[in-house]
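**Student:** Following is a predicted model, sequence given first.
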Amino acid sequence: MALEIVSDVISVIFKFIWEVIILSLFELLVKGAGFLICRLFSRKVKRDGGLVAVVGIAFWILIIFAIYQFNSASEVDKCLDSGGEFNYESRSCAF
């Protein structure tokens, strides 16, 4: 009896986390960004369309890639600014 109650409570918590938090973040971050980008090119965009989701995912992939590239460039810049010599093959800074 007690085990069933605990199981039900855990089930409700995971359902809440999945439906409210994860799906809401997907709707807001992925589909929201995709909708805004698609809206720049066409006024007849469906907010729940597949194209909106694909564009939103592509947008976030590009953002993550840009952040990674920026961090790589700033690593080299920090090395050179401190008077070091950056080795691009080993990705290390030598003084």
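**Tutor:** Here it is on my side, so go on.
**Student:** What strand or helix carries residue 64?
**Tutor:** Taking DSSP states H and E as the criterion, residue 64 maps to helix 50-81.
**Student:** if you take the average position of the protein, which residue is closest to it?
**Tutor:** Closest to where the C-alpha atoms of the chain average out (C-alpha atoms, centre = their mean) is residue 60, at 5.1 Å.
**Student:** that older thread, so what secondary structure elements neighbour the helix holding residue 64?
**Tutor:** helix 32-41, strand 85-87, strand 92-94 (3 or more C-beta pairs under 8 Å, 6 or more residues apart in numbering; DSSP states H and E). All C-beta spots, glycine's among them, are computed from the backbone N, C-alpha and C.
**Student:** how does it look with 7 Å?
**Tutor:** Helices and strands touching helix 50-81, by 3 or more C-beta pairs under 7 Å, 6 or more residues apart in numbering; DSSP states H and E, are helix 32-41, strand 85-87.
**Student:** Output those in JSON lines; the columns should cover mean neighbour count and distance to residue 24.
**Tutor:** Below are the helices and strands packed on helix 50-81 laid out as JSON lines (neighbours: other C-beta atoms under 10 Å; distance: least, C-beta to C-beta, whole Å):
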{"stretch": "helix 32-41", "mean neighbour count": "16", "distance to residue 24": "11"}
{"stretch": "strand 85-87", "mean neighbour count": "12", "distance to residue 24": "43"}
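**Student:** Rebuild those as a markdown table, extending it with distance to residue 68 and mean pLDDT.
**Tutor:** Formatted as a markdown table, the helices and strands packed on helix 50-81 follow (distance: least, C-beta to C-beta, whole Å; pLDDT from 0 to 100):
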| stretch | distance to residue 68 | mean pLDDT |
| --- | --- | --- |
| helix 32-41 | 18 | 94 |
| strand 85-87 | 17 | 89 |
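**Student:** Tabulate these in CSV, adding columns for distance to residue 48.
**Tutor:** Output for those, formatted as CSV (distance: least, C-beta to C-beta, whole Å):
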stretch, distance to residue 48
helix 32-41, 9
strand 85-87, 47
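**Student:** Quick one, which of the ones you listed gets closest to residue 23.
**Tutor:** Closest approach to residue 23 among the helices and strands packed on helix 50-81 is made by helix 32-41 (12.8 Å; C-beta to C-beta).
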